[in-house]
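> Fold the following.
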Amino acid sequence: MHIADTTADAIAAAGLHTVGLLGTAFTMEQPFYRDRLASRGIRALVPNEADRRTVHEIIYGELVHGVVTDDARERYRDVMARLHDAGAGAGAEGIILGCTEIELLVTRADSPVPVFPTTALHVDAAVAFALGADGS
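The predicted structure is shown next:
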């Protein structure tokens, strides 16, 4: 069970085709996650270089140490808004929270579009699998 596949399932179920991808620098900059989504017909946008640095630095400089601040939340809100506004109508229709710690900082209420918290989605899929296809 691949985390990108469970995320793609949720994005497809929401009827979306273009999403922003937030995560560590590795997740945002390497093609493995974006390519997996693309194979399912989903386009993943990543933040610009400065925003990628911000997202990454907040993860490793604050969130992994249990530090959650309003300033960091506001900076993530700004990044998500820029992804949504990108591309003259072709911006992100949703945002992937592609790192466990991001879910500590932002929620659906912080985003202009739906969010897809990969940890929660993956856990839900694992539980459903463990309980059987019908969830019982």
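> Just the buried residues of the helix or strand of the chain with the lowest mean pLDDT, please?
Least confident helix or strand of the chain, by mean pLDDT, DSSP states H and E, is helix 118-131 with a mean of 91. Residues T118, L121, H122, A125 are the ones in helix 118-131 that count as buried (16 or more other CB atoms under 10 Å). Yep, even glycine has a C-beta here, placed from its N, CA and C like the rest.
> what's the answer for stretch 54-65, then?
Residues of stretch 54-65 classed as buried: T54, V55, H56, I58, I59, E62, L63 (neighbour count, 16+ other CB under 10 Å).
> Report pLDDT for G87.
Looking at G87, its pLDDT reads 64.
> and if you look at S136?
50.
> G132 now?
G132 carries a pLDDT score of 88 in this model.
> What separation is there between it and C99?
Noted for G132: a distance of 30 Å to C99, by CB to CB, to the nearest Å.
> repeat for A8
17 Å.
> again, but for R53
Counting by CB to CB, the gap from R53 to C99 is 15 Å.
> now A86
Counting by CB to CB - A86 and C99 are separated by 20 Å.
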